[in-house]
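Trainee: here is my input; please provide its structure:
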Amino acid sequence: MWLVTLADLALLLLGFIVLVLSHQGNQRALAAGLRDRFGGHAQAGAPAAVATEPGVLPLAAASMLDFAPASAALPDDPAALIGWAKRQAGDPRVRLTITGLTDGSAADLDPLSRSAPLLAADRARMIAARLVAAGIAGRQIAITTAVSPGKRGAMVTAGFAGDRQ
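Mentor: Just a heads-up that it's a prediction; the model follows:
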């Protein structure tokens, strides 16, 4: 009898692993679906999902946060972020996606255009310019923007983009 129960548990575990692996591309959607089915609710301050390029498998991420509202000036020395990015970009198949973030508030807008996406793009561009100046190939860098409540900054995601040598 215990052998049948063990087999049932093994099949249940296998099914769960297949479910998780089939949703590797959008882990936040998988987590939201599981949370919804079990009656949970997302936290109020949870960051929005950050989209990556199609065909790029995200592997690691680093960020620079705490930009001043309505400013794209770097808040800290980016040396640690640049060192991390250089180690990640040592492989030419790695793509660095820099996502500029605004917090969605009325105070966090580009001063000239009053646009949040333009401010987010400027924040990402400031990081990208430092990475290119440090020797990372521009073809390995992509820039995106997002609104993430409570976060003003830039997130750098290293992803495997395949054989692009």
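
Trainee: checking residue 156 next. Helix, strand or coil?
Mentor: At residue 156 the chain is in strand, as set by DSSP: H, G, I helix; E, B strand; the rest coil.

Trainee: so after the lowest-mean-pLDDT helix or strand in the chain, what's the next helix or strand?
Mentor: One helix or strand of the chain scores below all others by mean pLDDT, DSSP states H and E: helix 27-37, with a mean of 66. Next along the chain after helix 27-37, taking DSSP states H and E as the criterion, comes strand 57-65.

Trainee: chain center to that following strand: distance?
Mentor: 5 Å (CA atoms, centre = their mean, to the nearest Å).

Trainee: run me through the strand neighbours of that strand, direction for each.
Mentor: Sheet pairing of strand 57-65 (DSSP bridges) gives strand 153-160 (antiparallel).

Trainee: export the partner strand to PDB, keeping only CA atoms.
Mentor: Only the C-alpha atoms of strand 153-160 are listed here, as PDB (Å, rounded to 0.1, in the frame of the first residue of the first chain):
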ATOM      1  CA  GLY A 153      16.300  53.400 -11.000                       C
ATOM      2  CA  ALA A 154      17.700  51.000 -13.600                       C
ATOM      3  CA  MET A 155      17.800  47.200 -13.700                       C
ATOM      4  CA  VAL A 156      20.300  45.300 -15.700                       C
ATOM      5  CA  THR A 157      19.400  41.800 -16.700                       C
ATOM      6  CA  ALA A 158      21.900  39.400 -18.200                       C
ATOM      7  CA  GLY A 159      20.300  36.900 -20.500                       C
ATOM      8  CA  PHE A 160      21.500  34.200 -22.800                       C
END
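
Trainee: what comes up buried for it?
Mentor: By neighbour count on 16 or more other CB atoms under 10 Å, the buried set for strand 153-160 is 153-159. Any C-beta I mention is one placed from the backbone N, CA and C, and that applies to glycine too.

Trainee: quick one, helices of the chain?
Mentor: Here the chain has its helices, by DSSP state H, at 2-22, 27-37, 79-88, 116-133.

Trainee: JSON lines please, covering these and showing mean neighbour count and distance to residue 145.
Mentor: Output for the helices of the chain, formatted as JSON lines (neighbours: other CB atoms under 10 Å; distance: least, CB to CB, whole Å):
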{"stretch": "helix 2-22", "mean neighbour count": "10", "distance to residue 145": "29"}
{"stretch": "helix 27-37", "mean neighbour count": "13", "distance to residue 145": "17"}
{"stretch": "helix 79-88", "mean neighbour count": "16", "distance to residue 145": "18"}
{"stretch": "helix 116-133", "mean neighbour count": "20", "distance to residue 145": "4"}
